[in-house]
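Visitor: Sequence plus predicted model, see below.
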Amino acid sequence: MRIAKTPNLRSARSAFPYLLCVLCFAYSASAATPPDAPSVILIQNATVLTVSHGTIEHGSILIKDGKIAEVGQSIKAPAGAQVIDASGQFVIPGIIDCHSHIAAESINEGSVSVSSMVTMEEVLDPDDIDIYRDLAGGVTSANILHGSANSIGGQTLVIKLRWGQPASKLPFEGAMPGIKFALGENPKRSNFSIPGQPRRYPSTRMGVEETIRGAFSEARDYKKTWDDYNKRVAAGEKNLIPPRRDLKLEPLVEVLEGKRYVHSHCYREDEILMLLRVAKEFGFKVRTFQHVLEGYKVADELAAAGVGASTFSDWWAYKVEAYDAIPYNAALMTRRGVIVSINSDSAEEATHLNQEAAKSMKYGGLSHDEALKMVTLNPAIQLGIDKRVGTIDVGKDADLAIYNHDPLSAYAVVQKALIDGRVYFDREKDIANRAEIEKEKKALTEKLKKAEKKPEEKKPEGKKPEEKPKPPAPTSTPTAAAASQGGAL
Amino acid sequence: MSKARHHRRLLYILCLLNFLYFLLAPVTDAQAQPPSVYAITHAKIFTLAGSPIEDGTLIIRDGKIAAVGASAEIPAGAQVIDAKGLQVYPGLFDAVTQMGLSEIGAVNATVDSSETGSYNPDVVAATAVSPSSEHIPVTRASGITEVLAVPGSGGFDSGGGRGTLGGQASAIHLAGWTADEMLIKKSAAMVLNFPEIQTQTFDFSTFSRKEKPYTEAKQEYDRQINELTDWMDRARHYAQAMEKGSVSKYDRDLKLEALAPVVRGELPVLVFADRARDIRNAVEFCDKQKLKMVLAGGGEAYKVKDLLRSKDVPVILRPMLSLPEEEDDPYDRELSQPAELAAAGVRFAIASFDNSFARRLGQNAANAVAYGLPYDQALRAVTINAAQIFGLGSQIGTLEQGKIANVIVTNGDPLELTTDVKYLFIRGQLTSTENKHHRLYEKYLNRPKASN
């Protein structure tokens, strides 16, 4: 449910001056400057939900150089430590959103059904306000995905929500890169046909399978060409001409070599099994199925294949392939041994993923810990970053969210969000800054008004432009526009 | 065929019929006469018309609340529900939905929420409410017992279309064998999508946003307002003619006839507007036309809270679980708005504006509490406030003697994410919370282990 902010794909190069401008002028310094990192922070008197080893009442977390140095009942503050008193508050590992489209200039290269050559990294937008809003919802890492208009979509990457840092500082260091696949109605373009435009292949689930098989057949041949070449080079042959690089097939070769994760958008049980068969045929692994709203129907098959499932809490009925979606999906898959995460697919939904995870306790009776895992440890496992984040354990990154109530309640509000031991979001400070921002906005508006007046005063009395009949104004709701963009649902 | 054989066959059929009669008759009788008296006992009862009753009894008789209190007498023959440890509330009221009008948003054939054209005051939601919609049992399982089914208001579930006068919204119970049985009030409000001064539009043919100069957008707006004013003027003349009985001299006009109660100020206009400018314009228009205005949406209602209070315009707020309109708005702008409106004395209800997300109604109200709205006001915003806004306050919305028995019995706070509805009454009938989602859950919970 998202409008790509610019209708056409903006290259990183052309975006750079624009971003620079925004950085320099549009934001008050308080909002866009990254926080200083005190080298030692002690969070005290908190209910610490470690996710890995239970809950510590009146617990403390010691952070040194951005890492968790100690977790326990009572830790004495080292000299010079910044102390955060979290009395009555709850600390959880920072939330990880396994399906996000924030911080991106555009998300859908929808003109071809295999768009593996495009990457999200090239269109990262560090000034997207949704980074800050999701951070304020406790999200500290997110899997930024290409849209779902293509059977094989663009390259994806995991970021940390380091608000105020430049684009180069957003990527999660060392995280495995990924690629988006999509099955079903979206790559079929079932709900997005535009009058006058010819239909794009594929337009059936059969065609989606063949599109993927075709691409991997090519990728396999391409890999063989390179393997042969490299072998001959290694054998000492001289004056060989290297094969021509193919930017579309390179990422697919990485998939075949296990160097790039496949995150596949899907809905129906049959298409889920289809991709598992294709993956088996070509010898690659699917890392996660995304949305996977009928995953509960084939939970055993998912578990046997060792594939992760990243789903919505309670979305349904917005299209036919979502008509059998049930809020029990997460719990049913968990009970059959699938690693399940709850994702957002929307900047708004990401602001309350803690609440969405809580619904799996109501629908299917998961435990408090199991529910919390769905937005912390489980997505970390799915993205291969669980050695770094996802639980509150010594040695892990100090990515934390602090709430005023049990985070699995609709009444919980994020008070602070930390990444690498830096406080990137602080509700108190945010509220305190509002008057200042309001003042700045007023001053800018005044300036703008003055600037607008001047040329008008000088303008000579000209004749009015001729009245022309206007076409009726198209009414558009954000969702309708998102749908026409190929959406991301 | 011989005569004897013929007789035998006749006898056989008669026997079968007899057998079938005995098989079916008791069931049919049972269906015709479900128990009509219930007593919910030992519950904590939140009547929303006074303080909660700690160990209370609620009596339901013939569809109505017969008694509620700490010492209400249990009538003989009542079906008793021991609700020890449970809590009783009025069922929730979702004041803007497309319930029954839209099944699958992306499938046009299942969507009946928006009629073609700009002026459709004569179309009525209740006409197209499908009692068999899967959304109805799914929604009521979350404690929602009645909704307003709203036509022509745009949104994802309505195929995106919206005219100016969208039609009449109907208040319906979320249970009933027929749409008629579901009816609370066939015509509860007239939908008016207030014209906007649109300087930005989205062009589908080029997939791009189009900027329009303000003067141009204003001209278009003025044209629409003139058109709307003209409709109101003609409706007023028509209404006068109707009153004088002289309408028979004219050709009957169904659209103007439908607008007559609007211009008389009897039927509320449900005005969809979000921007402060549009809200101000709408209030001014309705004031001038002497229309009974209810604001729906109200994204920027906080900017005009004093105006809304002074004109006593109630607001149906869209979900607070949504992002702020402007980039430089505080991140919690939507979440804190209900608290701000409450403090300013603006009357409001909270609604889902949706079908599939209707079950997030309580979650939205709870989030408003998290950002400062007093809890009791949040509860009222999803029950009695909605009822009062549409003139149904004497019939539903609280647990008081004589009101329609739309009642929920829960194991906790009905706004909290993990609370279950244990019993649900609609029109005094114990109504199942079973639904498509739970059926699929049970089915696949019991799928034998797959042999991989």
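Guide: That came through fine.
Visitor: From here on, just use CA atoms for contacts and neighbour counts.
Guide: Will do.
Visitor: Dig out what the spatially most central residue of chain A forms beta bridges with.
Guide: Relative to the mean C-alpha position of chain A, the nearest C-alpha, by C-alpha atoms, centre = their mean, is the one of A:Ser100, at 2.6 Å. Per DSSP bridges, the residues bridged to A:Ser100 are A:Ile144.
Visitor: OK, contacts around it?
Guide: By C-alpha atoms under 8 Å, 6 or more residues apart in numbering or on different chains, the contact set of A:Ser100 is A:Ala142, A:Asn143, A:Ile144, A:Leu145, A:Asn343, A:Ser344, A:Asp345, A:Ser346, A:Ala347, A:Ala350.
Visitor: which one among those residues gets closest to B:Arg309?
Guide: Using C-alpha to C-alpha, A:Ala347 comes nearest to B:Arg309 of the contacts of A:Ser100, at 32.8 Å.
Visitor: Tell me the confidence at residue 347?
Guide: No chain was given, so I picked chain A. In this model, A:Ala347 is scored at 98, pLDDT.
Visitor: Chain B was what I was after
Guide: We have a pLDDT of 98 for B:Arg347.
Visitor: on that earlier part again, between which two of the contacts of A:Ser100 is the distance greatest?
Guide: Within those, A:Leu145 and A:Ala350 form the most distant pair, 14.1 Å apart (C-alpha to C-alpha).
Visitor: quick revisit: from the contacts of A:Ser100, which is closest to A:Glu109?
Guide: When the contacts of A:Ser100 are compared for distance to A:Glu109 (C-alpha to C-alpha), A:Leu145 wins out at 11.9 Å.
Visitor: Up against chain B, what does the stretch 201-350 of chain A have?
Guide: Proximity of the stretch 201-350 of chain A to chain B (C-alpha under 8 Å from any C-alpha of the partner chain) is limited to residues A:296-297, A:300-301, A:304, A:314-320, A:323-329, A:332, A:348-349.
Visitor: Quick check: ChimeraX command selecting the buried ones in the residues you listed.
Guide: Filtering those down to the buried ones (16 or more other C-alpha atoms under 10 Å in any protein chain shown) takes a single ChimeraX command:
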select /A:296,297,300,301,314,315,316,317,318,319,320,323,324,325,326,327,328,329,332,348,349
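Visitor: what about the helices in chain B?
Guide: B:3-32, B:125-128, B:135-140, B:179-182, B:214-243, B:254-263, B:276-289, B:305-310, B:333-343, B:361-370, B:375-381, B:384-389, B:436-445 (DSSP state H).
Visitor: Tell me how far the third one lies from the chain's centre.
Guide: Read that as helix B:135-140. 12 Å (C-alpha atoms, centre = their mean, to the nearest Å).
Visitor: Need the contact partners of stretch A:200-214.
Guide: With C-alpha under 8 Å, 6+ apart as the test, stretch A:200-214 has contacts from A:112-114, A:151-152, A:183-184, A:187-190, A:271, A:274-275, A:278.
Visitor: Just give the nearest non-adjacent residue to A:Ala317, would you?
Guide: What sits nearest to A:Ala317 in space, not counting adjacent residues and going by C-alpha to C-alpha, 6 or more residues apart in numbering or on different chains, is A:Tyr323, at 4.4 Å.
Visitor: What pLDDT is listed against that neighbour?
Guide: For A:Tyr323, the predicted pLDDT is 98.
Visitor: So it is in contact with A:Trp316, correct?
Guide: Yes: in terms of C-alpha atoms under 8 Å, A:Tyr323 counts as a neighbour of A:Trp316; the distance is 5.9 Å.
Visitor: re earlier: select only the buried ones of the contacts of stretch A:200-214 in ChimeraX?
Guide: This is how ChimeraX selects the buried members of these, with burial counted by 16+ other C-alpha under 10 Å:
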select /A:112,113,114,151,152,183,184,187,188,189,271,274,275,278
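Visitor: So which of the contacts of stretch A:200-214 sit within helices?
Guide: Among these, the members falling in helices (DSSP H) are A:Pro187, A:Lys188, A:Glu271, A:Met274, A:Leu275, A:Val278.
Visitor: now, which of the residues you listed sits nearest B:Phe425?
Guide: Once C-alpha to C-alpha is applied, the member of those that ends up nearest B:Phe425 is A:Glu271, at 40.8 Å.
Visitor: Among the ones in helices among the contacts of stretch A:200-214, give me the pair with the biggest separation.
Guide: Within these, A:Lys188 and A:Val278 form the most distant pair, 17.9 Å apart (C-alpha to C-alpha).
Visitor: can I get the CA coordinates of stretch B:443-452 in CSV?
Guide: C-alpha atoms of stretch B:443-452 as CSV (Å, rounded to 0.1, in the frame of the first residue of the first chain):
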residue,chain,number,x,y,z
LYS,B,443,-9.5,-27.4,9.2
TYR,B,444,-5.7,-26.9,8.8
LEU,B,445,-5.0,-27.4,12.5
ASN,B,446,-6.2,-30.9,11.9
ARG,B,447,-4.4,-31.5,8.6
PRO,B,448,-2.6,-34.9,9.0
LYS,B,449,1.2,-34.5,8.9
ALA,B,450,2.3,-34.3,5.3
SER,B,451,4.5,-37.1,4.1
ASN,B,452,7.3,-35.2,2.5
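Visitor: Is chain A within reach of that stretch?
Guide: Yes: contact of stretch B:443-452 with chain A (C-alpha under 8 Å from any C-alpha) involves B:Tyr444, B:Leu445, B:Lys449, B:Ala450, B:Asn452.
Visitor: Considering those, which possesses the most neighbours?
Guide: Among those, the one with the most neighbours (other C-alpha atoms under 10 Å in any protein chain shown) is B:Leu445, at 18 neighbours.
Visitor: tell me the pLDDT at it?
Guide: We have a pLDDT of 98 for B:Leu445.
Visitor: Quick one: distance of stretch B:133-141 to the chain centre.
Guide: Distance of stretch B:133-141 from the chain centroid (C-alpha atoms, centre = their mean) equals 12 Å.
Visitor: again with stretch A:257-264
Guide: Distance of stretch A:257-264 from the chain centroid (C-alpha atoms, centre = their mean) equals 16 Å.
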